[in-house]
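Attaching a predicted model along with its sequence, questions to come.
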Amino acid sequence: MAGSTWEDMISLNSRAETVQQVLGPVRDYLSQDVGEVSWDKSRISLEWAVDKDPYPIPTTEQREGYYGPNHFNYWASGLRDYCQLIEWVEQNKIRSNTILDIGCASGRLIRHARNNFDEVIGCDINRQHVDWVGRYLDPSIKIFQNTSIPALPLPDASVDVVTAFSVFTHIECFDTTWLMELRRILRPGGIAWLTIHGDRTWRDIGPTWPLYGALTAHPDYPRYQGIKDLPEDRLIFRWHAERSYSANVFYTYEYIKKIWGRILPVRDIFPALPFFQDIVVLQKT
Ligand SMILES: C[S@@+](CC[C@H](N)C(=O)[O-])C[C@H]1O[C@@H](n2cnc3c(N)ncnc32)[C@H](O)[C@@H]1O
């Protein structure tokens, strides 16, 4: 159905037709592996990971454009990010029964999570992603459509690890409400693993970084151009007033520590892979 509907203010594509095109599994795209995107192979070998994943790869369109035509790099990037997470989880002895990936899109990360977690849950505001995961990935993965209102249909203290890759980088309001909701669903000792654009991204961003084009094209950007340190605790570049998921957001580390840290203690902040964003790890006590 064309045009905006009330659902589209708090979710995406809720009434759109789902895209039918399907690609093969990663095995079909091994020739695209030129070593550009790699992970800790001593932990997970290529052969093992390929064998374990007979599920289709989403088309470039079905995966938010990630990695353009390189389907192998897309798949490997999920494994790389997953290995970084799981290494931290193991080193810090975090329980790993249940993982929830918020803004999971078409499952870049969660398709790999069955290796360690008993229960894998994904959610996204975009119904097309939710339909795609439901149709094509491992049937044991639970998937649901959430909305931009910070409320998740999950019980209190039911999740060990919550991840959100490139989601808080777009959340321009209610970030603290989301944090409260994560605190509610996390088990004591559980962690939230959230990527952000922080002081470092603002300071170091250059023309080769993926965000650069969109950021510098924004009409407000010239006001901030050349300012070395993030000029606001939450610097928001918003494109549309009437829909969610249309902003790029920067948070200072100080804001994260002072404001997010009041809700969930900050365990760590370090560069993501690649280093265009940072990972914030918060832990429920
Ligand atoms: C930049 S993409 C990242 C996708 C995925 N996390 C990854 O790393 O491949 C952001 C995703 O978050 C979803 N999203 C945006 N705001 C959201 C929200 N408030 N709750 C859940 N999903 C959201 C979008 O629909 C999109 O699929």
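It's in. Since the structure is predicted, the reported quantities are computational estimates derived from the model, not experimental observations.

List, one by one, the residues from the stretch 51-200 of the chain near the ligand.
Residues of the stretch 51-200 of the chain lying close to the ligand (C-beta under 6 Å from any ligand atom) are 64, 66, 102-105, 108, 123-126, 129, 146, 148, 165-167, 170-171. The way it works is simple: take the backbone N, C-alpha and C, and place the C-beta from them, glycine included.

nearest spatial neighbour of the residue in the chain that the ligand sits nearest to, skipping sequence neighbours?
Proximity to the ligand, evaluated over the chain using C-beta to the nearest ligand atom, is greatest for residue 103 at 2.7 Å. Leaving out its chain neighbours, the residue that sits closest to residue 103 by C-beta to C-beta, 6 or more residues apart in numbering is residue 167, at 3.5 Å.

likewise residue 66?
Leaving aside its sequence neighbours, residue 66 sits nearest to residue 74 (C-beta to C-beta, 6+ apart; 5.2 Å).

before we move on, the earlier item: quick check, the residue nearest to residue 103 in a strand?
No: using DSSP: H, G, I helix; E, B strand; the rest coil, the assignment for residue 167 is coil, not a strand.

do you know how far the residue nearest the centre of the chain is from residue 118?
By C-alpha atoms, centre = their mean, the mean C-alpha position of the chain lies nearest to residue 165, the distance being 2.0 Å. Here the criterion is C-beta to C-beta, to the nearest Å. By it, residue 165 lies 21 Å from residue 118.

same question, residue 88
19 Å.

More neighbours: the two, which one.
Between residue 88 and residue 118, counting by other C-beta atoms under 10 Å, residue 88 is the more crowded of the two (18 against 11).

Three-state assignment for the more buried one, please.
helix.

my guess is the residue of the chain closest to the ligand contacts residue 109, does it?
No: with contact defined as C-beta atoms under 8 Å, residue 103 does not reach residue 109; the gap is 10.0 Å.

hey, what's in contact with both of the two?
Overlap of the contact sets of residue 103 and residue 109 (by C-beta atoms under 8 Å, 6 or more residues apart in numbering) consists of residue 165.

Can you report how many residues lie near the closest residue to residue 240 other than its chain neighbours?
Leaving aside its sequence neighbours, residue 240 sits nearest to residue 246 (C-beta to C-beta, 6+ apart; 4.3 Å). Using other C-beta under 10 Å, residue 246 is surrounded by 13 other residues.

And for the one 3 residues further on?
As a burial measure, the neighbour count of residue 249 was computed by other C-beta under 10 Å and equals 18.

Quick one: the helices in the stretch 101-250 of the chain, in order.
127-136, 175-185, 199-204, 212-217, 221-224 (DSSP state H, counting those that start in this stretch).

What helices and strands are in contact with the third one?
It refers to helix 199-204. Contacting helix 199-204 under the criterion 3 or more C-beta pairs under 8 Å, 6 or more residues apart in numbering; DSSP states H and E is no other helix or strand.

State the mean pLDDT of that helix.
For helix 199-204, the mean pLDDT works out to 98.

Quick check: buried residues in that helix?
Judged by neighbour count using 16 or more other C-beta atoms under 10 Å, the buried positions of helix 199-204 are 199, 200, 201, 202.

What of the longest one?
Of the residues in helix 175-185, those buried by neighbour count under the rule 16+ other C-beta under 10 Å are 175, 178, 179, 181, 182, 183, 184, 185.

domains of the protein?
Annotated domains of the chain cover 1-92+108-148, 150-285 [automatic domain parsing].

Of those domains, which shows the lowest average pLDDT?
Averaging pLDDT over each of the domains of the chain puts domain 1-92+108-148 lowest, since it has a mean of 94.

Need the helices of the stretch 101-250 of the chain in CSV (columns: distance to residue 253).
CSV is the format used below for the helices of the stretch 101-250 of the chain (distance: least, C-beta to C-beta, whole Å):
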stretch, distance to residue 253
helix 127-136, 30
helix 175-185, 14
helix 199-204, 5
helix 212-217, 19
helix 221-224, 18
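
how about these, which one is nearest residue 260?
The closest of the helices of the stretch 101-250 of the chain to residue 260 is helix 175-185. By C-beta to C-beta, the value is 5.5 Å.
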